[in-house]
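Student: give the three-dimensional model of this entry:
(one chain, ligands or ions: 2)
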Amino acid sequence: MRLDKLRPTLAEQELDAMLISQAENRRYLSGFTGSAGQLIITAQEAILATDFRYYEQMGREAPDFQLAKIKTRFEDLLPELVSDLGIGCLGFESEHVSVHQLRLWSQATDNVEWVPQRETVERLRAVKDEGELDALRRSVALTDAAFAHLLGVLEPGMTEEGVAWEIEAYMRTHGATKVAFSLIVAAGPNGALPHASPGNHPIAEGEPIVIDIGCVVDGYCSDMTRTLCLGKPDSRYLEVWEIVHRAQETAEAQIRAGMTGIEADASAREVIEQAGYGDRFGHGLGHGVGLAVHEMPGASPRVDKVLEAGMVLTVEPGIYLPGEFGVRIEDLVIIREEGVEVLTQSPKRAVSL
Ligand code: ZN
Ligand code: ZN
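Tutor: Ligands and ions are numbered 1, 2, ... in the order given. Sure thing, here's the model as predicted:
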């Protein structure tokens, strides 16, 4: 049970309980998918405090948790809860609780020491279990299917927005609850902005298009990027595309459990640097994906944490040439002891049509 993974932290941090407020963390530990609620976890007890809208849903989704009914505000319920549970020292998620909220809670609980905690559940979420990997596979498969559908209809003259909607509509009508993020379709110079939003720019023949897409299936996200062009590309684009492709394949061949995020990042970065484009790859190589589309672990020049087997990571090198175009290729992989298992199956081709 996931609670068993959290509980050792209580002893390590000398806490009587941990209060979990963040939505994905709450879902990960309890199974509860509602939009509002707080978990209080002690060595023996697991409480889910939520309001009238979720009383019934909570019972179905989080059978291991005891319901505490919020009738007015959570802080009105807190004094009784901490006294019943004998809580003197309470950990809270300092990255997810506002200053205002903490003030209300601590004012309601005179004798409780509120102890900030960071990344407690996020660290647990980084390593996926088989059920999570299955959900991730379904999410990736639907993204692959949406891209295959797009390749059948994509043609010059479509706008970036039109392409994005084509993909989103396919995902939504084939089992996704939603898209995992605002889909990116960026043609020509827009592709040089790593997080461009689609506009009404009609896509011209020969213009490179960065397509970064993902959906949510059973709560789990997917994230994939392909860069291609319709018709005859120019030679500069082909050269840059080949470098990014080589960087990506090199990283996928080298990354394995036991590497740090810095080492994983370097496996792709070295290829791009050697080709002379080191200063045009300004973001990290990858991020974890799970209940959230950006989560732990990370692979970048700043992340010295070690990658472990069972973690899920994007491998997404890119080269961005302002005013011209960008190229990014992104797969989702599972970190294994001996290498990576690449989940994304969409074809990688510089040119389509
Ligand atoms: Zn992406
Ligand atoms: Zn990504």
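Student: skipping adjacent residues, who's closest to the residue in the stretch 1-150 of the chain positioned nearest to ligand 2 in space?
Tutor: In the stretch 1-150 of the chain, the residue that lies nearest ligand 2 is residue 143 (11.7 Å; C-beta to the ion). Bear in mind the C-beta positions are built from the backbone N, C-alpha and C, glycine included. Of all residues beyond its chain neighbours, the one nearest residue 143 is residue 222 (4.4 Å), with distances taken as C-beta to C-beta, 6 or more residues apart in numbering.
Student: what about the residue of the stretch 1-150 of the chain closest to ligand 2, how many residues close to it?
Tutor: Residues lying near residue 143 (other C-beta atoms under 10 Å) number 29.
Student: which strand or helix spans it?
Tutor: helix 130-153 (DSSP states H and E).
Student: buried residues in that helix?
Tutor: 132-133, 135-147, 149-150 (16 or more other C-beta atoms under 10 Å).
Student: around ligand 1, pick out the residues from this structure.
Tutor: Applying C-beta under 5 Å from the ion, we find that the chain lies next to ligand 1 at 212, 223, 225, 330.
Student: element containing residue 18?
Tutor: Using DSSP H and E, the element containing residue 18 is strand 17-20.
Student: parallel or antiparallel, list what pairs with that strand.
Tutor: strand 38-42 (antiparallel), strand 89-93 (parallel) (DSSP bridges).
Student: mind putting the ones you listed in CSV, mean pLDDT, distance to residue 278 and mean neighbour count included?
Tutor: Shown next, in CSV, are the strands paired with strand 17-20 (pLDDT from 0 to 100; distance: least, C-beta to C-beta, whole Å; neighbours: other C-beta atoms under 10 Å):
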stretch, mean pLDDT, distance to residue 278, mean neighbour count
strand 38-42, 98, 45, 23
strand 89-93, 98, 37, 21
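Student: in CSV: those strands, plus distance to residue 62.
Tutor: As requested, the strands paired with strand 17-20 are exported to CSV (distance: least, C-beta to C-beta, whole Å):
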stretch, distance to residue 62
strand 38-42, 9
strand 89-93, 18
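Student: picking that back up, what does the very next helix or strand once past the strand holding residue 18 contact?
Tutor: Sequence order places helix 23-30 as the next helix or strand after strand 17-20, per DSSP H and E. Outside of helix 23-30, the residues within contact range by C-beta atoms under 8 Å, 6 or more residues apart in numbering are 2-3, 6, 20, 32-33, 35, 37-39, 41, 46, 48, 61-62, 64-65, 93, 96, 121-122, 124-125, 219, 290-292, 295.
Student: which of the residues you listed fall in strands?
Tutor: In this view, the contacts of helix 23-30 that belong to strands under DSSP state E are 20, 38, 39, 41, 46, 48, 93, 295.
Student: just the residues contacting stretch 81-90, thanks.
Tutor: Residues outside stretch 81-90 that contact it (C-beta under 8 Å, 6+ apart): 14-19, 40, 42, 45, 47, 49, 68, 109, 111-115.
Student: show me the contacts for the residue lying closest to residue 294 once chain neighbours are set aside.
Tutor: Spatial nearest neighbour of residue 294, excluding adjacent residues (C-beta to C-beta, 6+ apart): residue 287 at 4.9 Å. Shown in contact with residue 287 (C-beta under 8 Å, 6+ apart): 294, 295, 297, 298, 299, 313, 314.
Student: SS state for residue 347?
Tutor: Per DSSP: H, G, I helix; E, B strand; the rest coil, the local secondary structure of residue 347 is coil.
Student: how far away is it from residue 331?
Tutor: Applying C-beta to C-beta, to the nearest Å, the value for residue 347 to residue 331 is 12 Å.
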